[in-house]
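Novice: Below is the structure, and that's it, no one-letter string:
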Ligand SMILES: Nc1ncnc2c1ncn2[C@@H]1O[C@H](COP(=O)(O)OP(=O)(O)OP(=O)(O)O)[C@@H](O)[C@H]1O
Ligand SMILES: [Mg+2]
């Protein structure tokens, strides 16, 4: 296997008596396109919140490029090249599409103070470039609140790309999209990842999408990794078939 960019070692998170993330050990190779799948409540978002600093683990370690990042804040991780999007989109709906990306670029370059003075002129070129890359080139001046659900997801992706991340966690990047939109959206992410030499870890409920695009798939069930491997191996796994009983995988 090629060089590891990211790993977790026995990561554990409890909510009261519930083991939401149960000793999860993951290893992600550089440039990999990894899917994390599992039924509702399996612990996918909790895992993403742990590894991006939004939740603190009860025990276990997280390594990014060889450094222990356990307990580091989301801002610190973002500055170091670890970015994410959320299952429920989090964009500034009172700003335009363009301004949302500008804010992200400004905060990456730590120029928030200047932003308050004259946002409109700053980072225009990289902003337009990012918007074009995610397919929002024609919507730059629209209020973000006017975007369709799918376009909000694209905007969130552009925001997450603003810090030129090395590693990107996408929690259900296609949630709420129609099934034909989903495959297109994830193919776009894959193309962008290839162009930027970006490592991507994503969750997705649409198995057709997952099995088409993922290099490897990790399956979570009740907080535990029950399978981890290339798509063919996952499809053939009896444990996985039991969890996805009745579904075509
Ligand atoms: N802040 C919290 N407090 C208490 N319980 C929580 C909290 N967050 C998540 N849980 C519980 O932890 C379990 C895992 O939830 P999580 O959101 O990580 O699952 P998921 O795999 O992302 O599900 P989905 O596919 O529906 O997004 C669930 O039983 C959930 O109810
Ligand atoms: Mg979730």
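Specialist: The structure has been received and is ready for your questions. Values in this document were obtained by computation on a predicted structure and should not be read as measured data. Ligands and ions are numbered 1, 2, ... in the order given.
Novice: What residue in the chain comes nearest to ligand 2?
Specialist: residue 45 (3.1 Å; Cβ to the ion). In short, each C-beta sits where N, CA and C put it, glycine included.
Novice: tell me the mean pLDDT for the one helix or strand that residue maps to?
Specialist: Using DSSP states H and E, residue 45 falls within helix 44-51. On average, the pLDDT along helix 44-51 is 98.
Novice: bridging residues for residue 216?
Specialist: Bridge pairing for residue 216 (DSSP bridges) gives the partners residue 34.
Novice: Torsion angles phi and psi at the residue nearest the centre of the chain?
Specialist: Geometric centre of the chain, nearest residue: residue 170, 1.6 Å, by Cα atoms, centre = their mean. In terms of degrees, to the nearest 10, the main-chain angles of residue 170 are phi -120, psi 110.
Novice: Give me the nearest residue to it, chain neighbours excluded.
Specialist: In space, residue 170 comes closest to residue 202 once its chain neighbours are excluded; the distance is 4.0 Å by Cβ to Cβ, 6 or more residues apart in numbering.
Novice: tell me the phi and psi of the one you found?
Specialist: According to degrees, to the nearest 10, residue 202 has phi -140, psi 150.
Novice: Look up how far residue 47 lies from it.
Specialist: Distance, residue 202 to residue 47, using Cβ to Cβ, to the nearest Å: 12 Å.
Novice: Give the residues shared as contacts by those two.
Specialist: Listed as contacting both residue 202 and residue 47 by Cβ atoms under 8 Å, 6 or more residues apart in numbering are residue 36.
Novice: which bits of the protein sit near ligand 2?
Specialist: Counting by Cβ under 5 Å from the ion, the residues of the chain close to ligand 2 are 44, 45, 87.
Novice: Only the buried subset of these, as a PyMOL command please.
Specialist: Here is the PyMOL selection string for the buried members of the residues of the chain next to ligand 2, based on 16 or more other Cβ atoms under 10 Å:
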select buried, resi 44+45
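Novice: just for this structure, where's the confidence low?
Specialist: Applying pLDDT under 70 to the chain picks out residues 1, 110-120, 246, 248-249.
Novice: what residues does it put near ligand 1?
Specialist: Within reach of ligand 1 by Cβ under 6 Å from any ligand atom, the chain has these residues: 15, 18, 20, 38, 40, 41, 42, 43, 44, 45, 46, 87.
Novice: Now the second one: closest residue in space, sequence neighbours ignored.
Specialist: In this case it means residue 18. Leaving aside its sequence neighbours, residue 18 sits nearest to residue 223 (Cβ to Cβ, 6+ apart; 8.0 Å).
Novice: My read is that the one you found contacts residue 14, right?
Specialist: No: using Cβ atoms under 8 Å as the test, residue 223 is too far from residue 14 to be in contact (9.1 Å).
Novice: if I pick residue 3, what's in contact with it?
Specialist: Under the criterion of Cβ under 8 Å, 6+ apart, the contact partners of residue 3 comprise 29, 30.
Novice: again, but for residue 210
Specialist: Going by Cβ under 8 Å, 6+ apart, residue 210 touches 35, 37, 204, 217, 231.
Novice: Tell me the secondary structure at it.
Specialist: helix (DSSP: H, G, I helix; E, B strand; the rest coil).
Novice: picking up where we left off before, neighbour count: residue 223 and residue 14, which is higher?
Specialist: Neighbours were counted for residue 223 and for residue 14 using other Cβ atoms under 10 Å; residue 223 has more, 23 against 14.
Novice: List the residues that contact that one.
Specialist: Residue 223 neighbours (Cβ under 8 Å, 6+ apart): 18, 19, 20, 21, 22, 24, 42, 43, 46.
Novice: again, only using 6 Å
Specialist: Listed by Cβ atoms under 6 Å, 6 or more residues apart in numbering, the contact set of residue 223 reads 19, 20, 21, 22, 43.
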